[in-house]
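Novice: Just the structure for this:
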Amino acid sequence: MGRRALELKEADPKGLVRESYRIDGISLGECRSIFMDWALSVPLGIDTPDAIRTLLAEYGPDNAGHPMTGVLTEALTAPAAPRRKGGRIGRLGA
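Specialist: Here you go, the predicted structure:
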């Protein structure tokens, strides 16, 4: 059985992302700050990547150049695997 699609209200319960798209001249830094507030407000039980996909489906197509679209897209990208940078093995080579 597949997951049910999230409603926009579930994906953005406080309307933070919606409002970010309404702010003229919003900066990338401001969007990142709003994203952090949004991430902290997502209720338990809501899959964050699914919520981000719901938001991108709603706002992304008409706002490709908006900084929040970039922040949301970046949030779906898995971080690179961490690399060891120090310690004895780092100095001697493994």
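Novice: can you point me to the longest helix in this structure?
Specialist: helix 28-41 (DSSP state H).
Novice: Name the surrounding residues that touch the helix or strand just after that helix.
Specialist: Using DSSP states H and E, the helix or strand that follows helix 28-41 in sequence is helix 48-59. The contact list for helix 48-59, computed with CB atoms under 8 Å, 6 or more residues apart in numbering, reads 3, 5-8, 10-12, 17-18, 21, 39, 42, 66, 68-69, 72-73, 75-76. (Each C-beta comes from the backbone N, C-alpha and C, glycine too.)
Novice: Buried by neighbour count: which residues of helix 48-59 qualify?
Specialist: Residues of helix 48-59 classed as buried by neighbour count (16 or more other CB atoms under 10 Å): Ala51, Ile52, Arg53, Thr54, Leu55, Leu56, Glu58, Tyr59.
Novice: Check stretch 19-32 too.
Specialist: If you call a residue buried by 16+ other CB under 10 Å, then stretch 19-32 has these buried ones: Ser20, Tyr21, Ile26, Cys31.
Novice: so the first one touches Ile34, yeah?
Specialist: Yes. Taking CB atoms under 8 Å as the definition, Ser20 is a contact partner of Ile34 at 4.8 Å.
Novice: doesn't Tyr21 make contact with Asn63?
Specialist: Yes. Taking contacts as CB under 8 Å, Asn63 lies within contact range of Tyr21: 5.9 Å.
Novice: Name the residues contacting each of Ser20 and Ile34.
Specialist: Common contacts of Ser20 and Ile34 (CB under 8 Å, 6+ apart): Met68.
Novice: got a pLDDT number for Lys85?
Specialist: pLDDT for Lys85: 67.
Novice: got it, and Ser20?
Specialist: Ser20 is given a pLDDT of 97.
Novice: Using CSV, write down the CA coordinates of the helix or strand containing it.
Specialist: Assigned by DSSP H and E, Ser20 falls within helix 16-22. C-alpha atoms of helix 16-22 as CSV (Å, rounded to 0.1, in the frame of the first residue of the first chain):
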residue,chain,number,x,y,z
LEU,A,16,5.6,29.8,6.6
VAL,A,17,6.6,28.6,3.1
ARG,A,18,3.5,30.1,1.6
GLU,A,19,4.3,33.5,3.1
SER,A,20,7.9,33.3,2.0
TYR,A,21,6.8,33.3,-1.6
ARG,A,22,4.7,36.4,-1.0
